[in-house]
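In: pasting the sequence and the predicted coordinates here, then a few questions.
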Amino acid sequence: MSAARLGRLPRQVPYIIGNEACERFSFYGMRNILVQFLVSSVLLAYLPDAERQAAAKDVFHSFVIGVYFFPLLGGWLADRFFGKYDTVLWFSLVYCAGHACLALFEDSRQGFYAGLLLIALGSGGIKPLVVSFVGDQFTRDNKALAKIVFDAFYWTINFGSFFASLLMPLFLRSFGPAVAFGIPGALMFVATFVFWLGRRQYVRVPPTRGRDPDSFYNVARTALLARAPGQGRPGLAVAIAGAALAAAMLLCWALHAWAGIDVPYWPAGFHFVITACLALGALIAFGGAGVSLQLERARGRHPDAAVDSVRAVLRILIVFALTTPFWSLFDQKASTWVIQGHAMAVPHDAWWWPSWLVKEAAQMQALNPLLIMLVIPLNNIVLYPWLRRMGYDPTPLRRMGWGIAFAGLAWIFAGAIQLRIDGGASTSLAWQAWPYALLTFGEVLVSATALEFAYSQARASMKGVIMAFWYLASTFGSLWVLLTNVAVRNDAVTARIAATGWSENAFLMFFFAAFAFAAALAFAAYARRYPMQDNYLDAAAR
């Protein structure tokens with residue numbers, strides 16, 4: 001293969017990368033000021049001051065759950081009906097409408113929350129598709145360039161995120177929410193226009209339109225329903241049990257929320273978002289286990305390659321599930337860490353502190369994308385080659401496991417800061433740079449790696465859906481946060497925390513750190529047995 005051929009970047013890729021840079025500015029611009037706005041807004045004025053922070057966190061993480069849930073819808077629509085390009089374009093317009101609602105309805109709870117719903121729908125709908133759409137522009141002949149482009153793609157995301165995280169808190173402070181939420185909306189319109197400009201140059205993999213007899217759904221359905229002589233159908237029983245459990249959860253919520261009936265053993269704090277996520281988790285876990293138990297029954301009725309691909313997807317889902325604790329830690333940098341930062345002192349009198357620019361605790365989030373833009377090339381140019389020379393191959397799964405562990409270290413540092421704050425000592429906001437640095441390094445190892453991993457492990461007909469499942473890991477990450485928030489409202493749990501001598505915030509920080517370390521150990525154990533796949537497209541297939 002010639003060097004010239006390897007070095008030729010598909011000319012349509014810059015349109016996708018430009019779109020993503022603007023869209024990420026748009027998303028992080030509103031996301032990173034959301035908690036800061038809600039705590040002081042009239043939307044939560046009906047609550048006592050002591051409860052506003054917890055309510056703002058609940059709204060934020062419910063929004064995040066929506067953002068990472070709707071990729072299921074986007075992936076399904078793209079794979080089955082419309083293709084990636086049309087689905088991204090239409091969801092982008094919904095996204096723009098959501099931003100308009102935030103800018104126009106800052107004083108209306110219904111209007112503002114409707115805007116959050118539309119942004120969650122639009123952002124989530126395109127999220128699994130843009131990354132896999134980039135991958136569709138490559139074949140096995142030039143896949144060596146895909147690794148570079150995936151890293152460049154992730155670097156560009158953080159370029160947009162950096163300026164959004166740095167500037168939007170200042171705009172919120174100086175010009176108010178209409179401007180602070182309006183600017184990200186304008187950038188989302190630009191993102192949609194840039195994506196549309198490349199419409200004639202994209203490689204478009206056609207949707208299956210439900211005609212693939214060997215799709216994941218069809219193979220799984222065959223496996224569950226097929227009978228074997230002299231054997232029962234234990235897998236089907238497991239799947240039905242999962243569906244019954246999910247239905248029971250939704251029924252418990254409905255009885256409590258609509259009929260006012262207190263259901264035994266069903267926590268009153270389990271609102272619809274928590275309940276729906278738990279029900280979805282039951283369907284995925286029990287359904288996947290059931291299919292796995294009977295998958296071999298699909299052989300002969302479907303090609304071996306299709307059956308093996310379903311087995312691979314089930315293995316991938318386990319990998320994704322083990323990353324959910326990482327996301328429970330990561331997404332709290334925009335909620336828990338922002339709230340912690342407001343209790344710290346901004347070191348304006350220090351000669352090295354950029355007081356002319358950094359005035360708000362929420363701006364510390366800009367460290368995350370800034371460090372990512374530095375860490376990604378450092379890892380590729382220095383760290384990974386050095387590790388290989390030392391005899392340690394930093395495979396994607398090894399990187400992801402270490403990334404989860406580094407997130408745990410970040411939260412130990414954040415907990416130590418919280419103990420100092422709780423002790424009454426004046427604590428400089430600059431100390432938050434350390435947990436941000438550790439969390440960012442973990443993010444690069446987990447998230448940047450997973451973009452490449454998730455695409456390479458999925459068959460062509462399943463790429464959009466498997467990417468949606470990857471993003472669903474963040475939904476369950478925020479679910480862990482909501483469940484923890486419900487737990488600490490229990491008097492018995494509160495008493496146990498008080499007995500430790502720590503504040504609730506400090507206790508939860510160390511709890512989440514331990515959660516991450518346990519997940520990292522489980523991830524490492526599973527990764528040792530995981531068989532890697534290579535599912536890039538053949539040039540002839542395009």
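Out: Perfect, I can see it now.

In: how far is stretch 49-59 from where the chain is centred?
Out: 22 Å (C-alpha atoms, centre = their mean, to the nearest Å).

In: show me what that stretch is in contact with.
Out: Outside stretch 49-59, the residues that touch it by C-beta atoms under 8 Å, 6 or more residues apart in numbering are 34-35, 38-39, 44, 47, 113, 116, 335-336, 339, 481-482, 485. (C-beta placed from N, C-alpha, C; glycine too.)

In: report the buried members of those residues.
Out: 34-35, 38-39, 44, 113, 116, 335-336, 339, 481-482, 485 (16 or more other C-beta atoms under 10 Å).

In: buried set for stretch 362-380?
Out: 362-373, 375-376, 379.

In: neighbours around the residue lying closest to V179 once chain neighbours are set aside, how many?
Out: Spatial nearest neighbour of V179, excluding adjacent residues (C-beta to C-beta, 6 or more residues apart in numbering): F171 at 5.6 Å. Number of residues near F171 (other C-beta atoms under 10 Å) recorded here: 18.

In: residues in contact with F171?
Out: Neighbour list for F171: V179, A180, I183 [criterion: C-beta under 8 Å, 6+ apart].

In: torsion angles phi and psi at it?
Out: phi -70, psi -40 (degrees, to the nearest 10).

In: distance of it relative to A180?
Out: In this view, F171 and A180 are 4 Å apart by C-beta to C-beta, to the nearest Å.

In: tell me where the model's unsure across this protein.
Out: 1-7, 139-144, 147, 451, 455, 458-465, 468, 534-542 (pLDDT under 70).

In: ok, now which ones touch L371?
Out: Y436, A437, T440, F441.

In: of the residues you listed - the most surrounded one?
Out: Result: T440 is most packed of these (other C-beta under 10 Å), 24 neighbours.

In: wait, that residue touches V375, no?
Out: Yes. With contact defined as C-beta atoms under 8 Å, T440 and V375 form a contacting pair (6.4 Å).

In: that older thread, take the contacts of L371 and keep only those in helices.
Out: Y436, A437, T440, F441 (DSSP state H).

In: closest to L93 among these?
Out: T440 (32.6 Å; C-beta to C-beta).

In: relative to L371, how far out is that closest one?
Out: 4 Å.

In: name the residues that touch stretch 32-40?
Out: 44, 52-53, 55-57, 59-60, 63, 164-165, 168-169, 172, 177, 180-181, 334-335, 338-339, 360, 362, 365.

In: report the central residue of the chain.
Out: S474 (3.6 Å; C-alpha atoms, centre = their mean).

In: circling back to that earlier point, pick the one among the contacts of stretch 49-59 closest to F81.
Out: Nearest to F81 among those, with distances taken as C-beta to C-beta, is L116, at 26.2 Å.

In: against Q432, how distant is that closest one?
Out: Counting by C-beta to C-beta, the gap from L116 to Q432 is 26 Å.

In: swap in R311?
Out: 44 Å.

In: any residues touching stretch 281-296, and which ones?
Out: Counting by C-beta under 8 Å, 6+ apart, 219-220, 223-224, 226, 233-243, 245-246, 249, 307, 310-311, 314, 317, 476, 479 sit against stretch 281-296.

In: just the buried residues of it, please?
Out: Result for stretch 281-296 [16+ other C-beta under 10 Å]: buried residues 281-295.

In: off-centre distance for stretch 358-368?
Out: 21 Å.

In: one more: stretch 256-274?
Out: How far stretch 256-274 lies from its chain's middle: 27 Å, per C-alpha atoms, centre = their mean.

In: follow-up on the earlier one: between R311 and Q432, which one's more packed in?
Out: Legend: neighbour count by other C-beta under 10 Å for R311 and Q432, higher for Q432 (23 against 17).

In: and the residue lying closest to that one once chain neighbours are set aside, what does it touch?
Out: With sequence-adjacent residues excluded and distances taken as C-beta to C-beta, 6+ apart, Q432 is closest to M364, at 5.2 Å. Listed by C-beta under 8 Å, 6+ apart, the contact set of M364 reads W337, V338, G341, V358, L429, Q432, A433, Y436.

In: burial check on the second one, number of neighbours?
Out: Think V338. 28.

In: list the backbone torsions phi and psi for the residue lying farthest from the centre of the chain.
Out: Ranking residues of the chain by C-alpha distance from their mean position (C-alpha atoms, centre = their mean) puts G230 at the top, at 44.4 Å. Backbone torsions for G230, taken as degrees, to the nearest 10, come to phi 80, psi 10.

In: re earlier: wait, isn't the residue nearest to the centre of the chain in contact with G66?
Out: No. The pair S474 and G66 does not pass the contact test of C-beta under 8 Å, sitting 10.7 Å apart.

In: ok so, going back, now the residue nearest to V179: how far from K333?
Out: Taken as C-beta to C-beta, the span from F171 to K333 is 20 Å.

In: what about the helices in the stretch 301-450 of the chain?
Out: Residue ranges of the helices in the stretch 301-450 of the chain, as given by DSSP state H, counting those that start in this stretch, are 304-322, 324-330, 336-342, 367-378, 384-389, 396-422, 433-443, 449-457.

In: give me the buried positions along stretch 414-424.
Out: Buried residues in stretch 414-424, counted by 16+ other C-beta under 10 Å: A414, G415, I417, Q418, L419, I421, D422.

In: ah, wrong one, I meant stretch 232-240
Out: R233, G235, L236, V238, A239.

In: surely the fourth one is in a helix?
Out: Spelled out, that is V238. Yes. Checked against DSSP: H, G, I helix; E, B strand; the rest coil, V238 lies within a helix.
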